[in-house]
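K.L.:
sharing a model that was predicted from the sequence below.
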Amino acid sequence: MNRFEGRVALITGASRGIGFAIAQRIVAEGGSVVVTGRKQDALDEAVASLGSRAVGVPGRADDAQHRAAVYELITARWGYLDHLVNNAGINPAYGPLADVGVDVMRKTLEVNVIATLEWARDAVSTGLLGSPARPGGSIVNISSISGIAAAPGIGFYGVSKGALITLTLQQAAEFAPAIRVNAVAPAVIKTDFAKALYEGREAEAAAQYPLKRLGESADVAGPVAFLLSDDAAWITGQTIVIDGGASVGSIL
């Protein structure tokens with residue numbers, strides 16, 4: 001498939017893990033990608049692996065100057081943007097809500113929710129995304145299953161990801177019809193980011209899922225690519241749960 005031939009996608013937090021897998025999928029289907037990440041070395045390695053249709057810009061997701069630099073690069077190199085994936089996120093606290101400091105809560109919301117909104121607003125306000133001359137613009141926000149169910153140990157992260165689902169609904173309403181906005185809510189994916197949730201107990205963790213394994217980054221990249229593409233042209237405001245069947249539940 002070449003669903004992204006001639007198209008440009010921006011993926012935040014894409015030097016590794018889920019973001020990198022999404023970038024790989026888009027490049028494999030003919031697209032060009034701009035990827036961001038906090039660490040220059042990891043970003044350089046990712047870009048080298050992705051090939052000539054990839055470019056990286058290092059920086060923090062919640063840094064306005066970084067966002068401006070990314071959109072200046074896109075403007076200079078292509079003059080348009082077709083797809084935005086808000087993947088960058090943090091979880092600096094582990095433990096019950098009662099133990100989470102106020103400063104940590106503020107930082108989590110700043111990166112996971114406010115910055116996600118700012119990336120989208122800047123993409124639209126610059127005229128890069130949603131231009132009448134380029135129909136088919138789309139955004140996918142990377143939420144989490146912790147945003148739709150209780151998640152002991154990462155409760156405030158779940159609060160921020162729940163807010164991201166509501167943000168997706170609001171953006172879908174306000175950006176239509178020029179831009180579609182959807183989200184995905186993965187369960188535990190085998191990445192460095194989620195190691196604390198499975199390291200040393202992977203078999204036990206995987207046993208909780210009907211499909212009897214933890215997710216891989218590629219398990220998220222496929223649904224994201226679908227939501228970005230024209231195959232999902234009449235889908236907006238939705239959150240796809242990617243959880244190996246965990247939400248099926250059972251009364252037996």
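P.N.:
Perfect, I can see it now.

K.L.:
contacts only, for the residue nearest to the spatial centre of the chain.
P.N.:
In the chain, the centroid-proximal residue (Cα atoms, centre = their mean) is N87; its distance is 2.5 Å. Counting by Cβ atoms under 8 Å, 6 or more residues apart in numbering, N87 touches I11, T12, G13, A14, I18, G19, I22, I142. Every residue, glycine included, has its C-beta placed from N, CA and C.

K.L.:
repeat that for G222.
P.N.:
Neighbours of G222 in contact, by Cβ under 8 Å, 6+ apart: R25.

K.L.:
which one is the residue nearest to the centre of the chain nearest to, not counting chain neighbours?
P.N.:
G19 (3.9 Å; Cβ to Cβ, 6 or more residues apart in numbering).

K.L.:
surely the one you found is within a helix?
P.N.:
Yes: counting by DSSP: H, G, I helix; E, B strand; the rest coil, G19 falls inside a helix.

K.L.:
for it, give its distance to A42.
P.N.:
11 Å (Cβ to Cβ, to the nearest Å).

K.L.:
now list the buried members of the contacts of N87.
P.N.:
Buried members of the contacts of N87, counted by 16 or more other Cβ atoms under 10 Å: I11, T12, G13, A14, I18, G19, I22, I142.

K.L.:
let me have those in a markdown table, extended by distance to R213 and secondary structure.
P.N.:
A markdown table is the format used below for the buried ones among the contacts of N87 (distance: Cβ to Cβ, whole Å; DSSP: H, G, I helix; E, B strand; the rest coil):
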| residue | distance to R213 | secondary structure |
| --- | --- | --- |
| I11 | 25 | strand |
| T12 | 27 | coil |
| G13 | 24 | coil |
| A14 | 24 | coil |
| I18 | 16 | helix |
| G19 | 21 | helix |
| I22 | 20 | helix |
| I142 | 20 | strand |
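
K.L.:
pLDDT weak spots in this structure?
P.N.:
194-200, 250-252 (pLDDT under 70).

K.L.:
show me which helix runs longest in it.
P.N.:
Counting residues, the longest helix found in the chain (DSSP state H) is helix 155-175.

K.L.:
for that one, list every residue counted as buried.
P.N.:
In helix 155-175, counting by 16+ other Cβ under 10 Å, buried: 155-165, 167-169, 171-172, 175.

K.L.:
and if you look at stretch 44-59?
P.N.:
In stretch 44-59, counting by 16+ other Cβ under 10 Å, buried: E45, A46, V47, L50, A54, V55, G56, V57, P58, G59.

K.L.:
from those, which two are the most distant?
P.N.:
L50 and G59 (17.9 Å; Cβ to Cβ).

K.L.:
so how far is the strand ranked longest in the chain off the chain centroid?
P.N.:
Secondary structure of the chain per DSSP state E: the longest strand is strand 179-186. Chain-centre distance of strand 179-186: 9 Å, with Cα atoms, centre = their mean, to the nearest Å.

K.L.:
swap in stretch 57-68?
P.N.:
16 Å.

K.L.:
among the buried residues of stretch 44-59, which lie within strands?
P.N.:
Members of the buried residues of stretch 44-59 lying in strands (criterion: DSSP E): A54, V55, G56, V57, P58.
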